[in-house]
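J.: Got a sequence here, can you build the structure:
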Amino acid sequence: MIIEQILVTGMLVFCYLIGEEDSREGVLIDPAGDFHKIFEKVNEHRINVKWIINTHGHFDHISGNSYVVDKTNAGLLIHRFDERKLRSRINRLLSRMMGGMTSPDPVKYLDDGDEIEIGDIKLKVIHTPGHTKGSICIYLNGHIFTGDTLFTEGLGRTDLLGANHNEIILSIKKRILTLPDETIIWPGHHYGISATSTVKEQKMIYL
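T.: All right, here's what the predicted structure looks like:
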């Protein structure tokens, strides 16, 4: 299995490349920008990008959707509750300011418990509302990609439209911190000293 954590744009977004070594199939999670950096890793590992997964619909995580779809013909996936954000006026404007374009339509809406297959790897969707109604995490045995739900030091903003502080705390406690202690947390932004954390470390903060 291949996991590449790629820091992109001035918003310090983490884009993730996950690949299956035998089939060379892969996904990109939140390809926000700095496409040369992203595709350096894609090409290095000779990955055929099958899916794009957005952990939520904010502009700083979706700005590269159109570029990646045009380059790879990958299918775009997002939770149904955040689908409308893809083409909102503010997201279209801010995406262009980041060098991206308006996102294409998703090929499928994600729901809690859905599985996304790349080769022999299955990625599980965990719905974690709070930062947005449609925020999700992506779970892979021993790893969880948390988007803007949980960082290594802190959590996603809840002062934005559609956000809810009580919901995000519940999502963290009941959907993430119930995973095995050794599970590696891969956050959606580099808002801390460390680029990763673990469930055990985060339990010391939230439980």
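J.: For the rest of this, base every contact and every neighbour count on C-alpha atoms.
T.: Noted.
J.: Setting the sequence-adjacent residues aside, check what's closest to K203.
T.: Leaving out its chain neighbours, the residue that sits closest to K203 by Cα to Cα, 6 or more residues apart in numbering is L177, at 6.4 Å.
J.: likewise S171?
T.: T128 (5.0 Å).
J.: Tell me the confidence at the one you found?
T.: Turning to T128, the model gives it a pLDDT of 98.
J.: which stretches of the protein form strands?
T.: 2-8, 13-19, 25-29, 48-53, 75-79, 108-110, 115-118, 121-127, 136-140, 143-147, 184-187, 197-198 (DSSP state E).
J.: Relative to K37, tell me which of those wins on proximity.
T.: strand 2-8 (7.4 Å; Cα to Cα).
J.: Please work out the average pLDDT along that closest one.
T.: Rounded mean pLDDT across strand 2-8 is 97.
J.: Extract the C-alpha trace of it and format it as CSV.
T.: Output of strand 2-8 as CSV, limited to C-alpha atoms (Å, rounded to 0.1, in the frame of the first residue of the first chain):
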residue,chain,number,x,y,z
ILE,A,2,1.2,3.5,-0.8
ILE,A,3,0.3,6.6,1.2
GLU,A,4,1.7,10.0,0.3
GLN,A,5,0.9,13.1,2.3
ILE,A,6,1.3,16.1,0.1
LEU,A,7,1.2,19.6,1.5
VAL,A,8,-0.3,22.0,-1.0
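J.: so what does it touch, helix or strand wise?
T.: strand 13-19, helix 35-44 (3 or more Cα pairs under 8 Å, 6 or more residues apart in numbering; DSSP states H and E).
J.: Now do L161: how many residues are near it, please.
T.: As a burial measure, L161 scores 9 neighbours (other Cα atoms under 10 Å).
J.: Count the residues that sit near the residue lying closest to N65 once chain neighbours are set aside.
T.: Closest residue in space to N65, ignoring its immediate chain neighbours: S103 at 5.5 Å, by Cα to Cα, 6+ apart. S103 is flanked by 23 other residues according to other Cα under 10 Å.
J.: and S103, what is it in contact with?
T.: Neighbour list for S103: 62-66, 86-87, 92 [criterion: Cα atoms under 8 Å, 6 or more residues apart in numbering].
J.: how far away is it from G64?
T.: 8 Å (Cα to Cα, to the nearest Å).
J.: Kindly report the same for G33.
T.: Taking Cα to Cα, one finds G33 at 5 Å from G64.
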